[in-house]
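> generate a structure from the sequence data that follows.
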Amino acid sequence: MTNLMSKTALVTGASRGIGRATALALAAQGARVIVHYARGEEEAQAVLAQIRAAGGSAEAVSADLAATDGAQVLAAKVRTLIGERLDILVANAGATGPATQHAIEDETVADFDRMVAINVRAPFFLTQQLLPILGEGSSVVLISSLVARATLGTMPVYAATKGAVETLVRHLAVALGARGIRVNAVSPGVIATEATENFVSEEAGRAFVLGGQALKRIGKPDDVADVIAFLASDAARWVTGDIIQAGGGSKL
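Numbers count the residues shown, from 1 in each chain. Take a look at the predicted model:
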């Protein structure tokens, strides 16, 4: 298992789903975790309570990453809170639009811009703004998706943002490698979270997902969080610029 004692981590979108599981996984390995949330203050406080009850260390910060200056605001808050060293950045916060799937004709400029802002702009500028406190041995983990490499329903805008994330990973890894900063992404398949609950709870939805996977069960947030924790650790010290598939063998 990974050991993150004395490390400090920021996880965006950590009040629920994969972000919540990641915050808990990093804390369980000894990291001090900064739990970011946009609107779910009650859920974020519950994450803090769970980490602290287990003997871990955690604080919460809020910021709207859809705002033009959202990444800058969050970075400033984090730097004030933790000082001069951040070891782990997990840019997990994401937007899928008003529905997981809807027709191209129904897409709006507002939905398009929000997905690009949260899924692409925020990870880039958050990394940029936190560079002064990232350094040798730091790990940046972005979240991609199965839809960056395979079609899954009708979600071209969301898929395009995740394709952009995978491009960002490669370029950031090269740009930051000389500083000893590793940059990778984890690409989940369909995971049972609040966002997919209705779909995976229906018999037809489950059958669709399982029919495209080598491993015949629905993925859980912990399945992805443990991969993120590995990439955040020194055990992955020679891994950078990579996209790790964590989808149970989806769409092979």
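> now the helices: where do they sit in the stretch 1-150 of the chain?
When secondary structure is read from DSSP state H, counting those that start in this stretch, the stretch 1-150 of the chain shows helices at 17-28, 41-53, 70-82, 109-116, 122-130.
> relative to the whole chain's centre, how far out is the last one?
In terms of C-alpha atoms, centre = their mean, to the nearest Å, the centre of helix 122-130 is set 13 Å apart from its chain centre.
> angle of that helix against helix 70-82?
Orientation check (axes from the mean of the first three to the mean of the last three C-alpha atoms, to 10 degrees): helix 122-130 against helix 70-82 gives 40 degrees.
> could you do the second one as well?
The directions of helix 41-53 and helix 70-82 differ by 30 degrees, with the same axes, to 10 degrees as the criterion.
> same thing with the fourth one?
Using the same axes, to 10 degrees, the inter-axis angle of helix 109-116 relative to helix 70-82 is 40 degrees.
> CA atoms only for helix 109-116, dumped as CSV, please.
The C-alpha trace of helix 109-116 is given here as CSV (Å, rounded to 0.1, in the frame of the first residue of the first chain):
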residue,chain,number,x,y,z
VAL,A,109,-23.7,27.7,-25.1
ALA,A,110,-24.0,28.0,-21.3
ASP,A,111,-23.8,24.3,-20.7
PHE,A,112,-20.9,24.0,-23.2
ASP,A,113,-18.9,26.8,-21.5
ARG,A,114,-19.5,25.5,-18.0
MET,A,115,-18.2,22.0,-18.9
VAL,A,116,-15.1,23.5,-20.6
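> what mean pLDDT does it get?
Along helix 109-116, the predicted local confidence has a mean pLDDT of 93.
> cool, the second one as well?
Helix 41-53 shows an average pLDDT of 98 in the prediction.
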